[in-house]
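Chemist: Sequence first, predicted model second:
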Amino acid sequence: ALLEENGVDPDGLVVGLQRGERFYDLSFKDPAGRAMRLSALRGKVVVLHFWGSWCPPCRHEMPELQRLQRALDKSSDIRLVMLQVRESHAVARRWLQQQKLQMSFYDSGAQDSRSDSLPLADGKTVHDRYIAPVFPTTYVLDKHGIVVFSNHGPLAHWEQYLPLLRDVAKRSGK
């Protein structure tokens with residue numbers, strides 16, 4: 001709503017990774033295995049998190065992310081979209097189960113350690129290290145798919161970001 005109020009068409013923004021740019025329209029599968037695209041989540045604030053069970057910092061922050069996901073389940077305006085990289089969805093899911101972590105996560109389409117590209121909705125791909133120079137990497141996208149925050153590397157105390165996420169949800173309108 002703020003963009004439109006200022007005469008900015010959110011669909012006309014540059015696609016990229018920097019604050020104020022529209023994030024790439026990734027193609028992936030939802031937790032139920034249905035094909036979807038990131039743009040289908042417009043209208044929601046998206047916490048987009050790239051991780052792998054092979055990544056020690058990623059593994060370390062998972063209990064915190066589980067707490068964040070549980071807190072977000074109460075909010076219909078915010079989604080945590082966790083996408084595994086450089087391993088299959090099955091391998092990542094098995095690791096989460098072994099750790100007794102009950103989290104829903106999305107399937108990036110990666111099959112193994114050689115899978116280094118992420119599919120885009122237009123059929124093209126983007127290299128995972130372009131989007132995530134280190135793992136984990138996280139982006140917060142407003143309801144228009146615009147980057148408002150990014151972090152390369154692990155974060156501690158994920159729940160401290162709830163006020164920020166709720167503020168983005170409130171400010172970015174419908």
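Modeler: Good, I have the coordinates. Residues are numbered from 1 along each chain as shown.
Chemist: Regarding the chain, what is its longest helix?
Modeler: In the chain, taking DSSP state H as the definition, the longest helix is helix 56-72.
Chemist: That helix: what's the following helix or strand?
Modeler: Per DSSP states H and E, the first helix or strand lying C-terminal to helix 56-72 is strand 78-84.
Chemist: Summarise which helices and strands that following strand is packed against.
Modeler: strand 45-51, helix 56-72, helix 162-171 (3 or more Cβ pairs under 8 Å, 6 or more residues apart in numbering; DSSP states H and E). Any C-beta I mention is one placed from the backbone N, CA and C, and that applies to glycine too.
Chemist: pLDDT weak spots in this protein?
Modeler: Residue ranges of the chain with pLDDT under 70: 1-11, 173-174.
Chemist: related to what we said a few turns ago, including mean neighbour count and distance to Tyr106, could the helices and strands packed on strand 78-84 go into a markdown table?
Modeler: Shown next, in a markdown table, are these (neighbours: other Cβ atoms under 10 Å; distance: least, Cβ to Cβ, whole Å):
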| stretch | mean neighbour count | distance to Tyr106 |
| --- | --- | --- |
| strand 45-51 | 25 | 9 |
| helix 56-72 | 17 | 12 |
| helix 162-171 | 15 | 18 |
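Chemist: The ones you listed: which one's closest to Ala156?
Modeler: Nearest to Ala156, of all the helices and strands packed on strand 78-84, is helix 56-72, at 6.9 Å by Cβ to Cβ.
Chemist: Okay, angle between that closest one and strand 45-51 too, please.
Modeler: 150 degrees (axes from the mean of the first three to the mean of the last three Cα atoms, to 10 degrees).
Chemist: Contacts for helix 56-72, please.
Modeler: Helix 56-72 has contacts (Cβ atoms under 8 Å, 6 or more residues apart in numbering) with 47, 49, 51-53, 78-80, 82, 95-96, 99, 101-104, 135-136, 153-159, 161-162, 165.
Chemist: Nearest residue to Gln84 in space, please, no chain neighbours.
Modeler: Ala92 (4.0 Å; Cβ to Cβ, 6 or more residues apart in numbering).
Chemist: Give me the buried stretch members for the helix or strand hosting the one you found, please.
Modeler: For Ala92, the enclosing helix or strand under DSSP H and E is helix 89-98. Neighbour counts over helix 89-98 (16 or more other Cβ atoms under 10 Å) mark 89, 91-93, 95-96 as buried.
Chemist: how near is Pro57 to Phe50?
Modeler: Distance of Pro57 to Phe50, computed by Cβ to Cβ, to the nearest Å: 12 Å.
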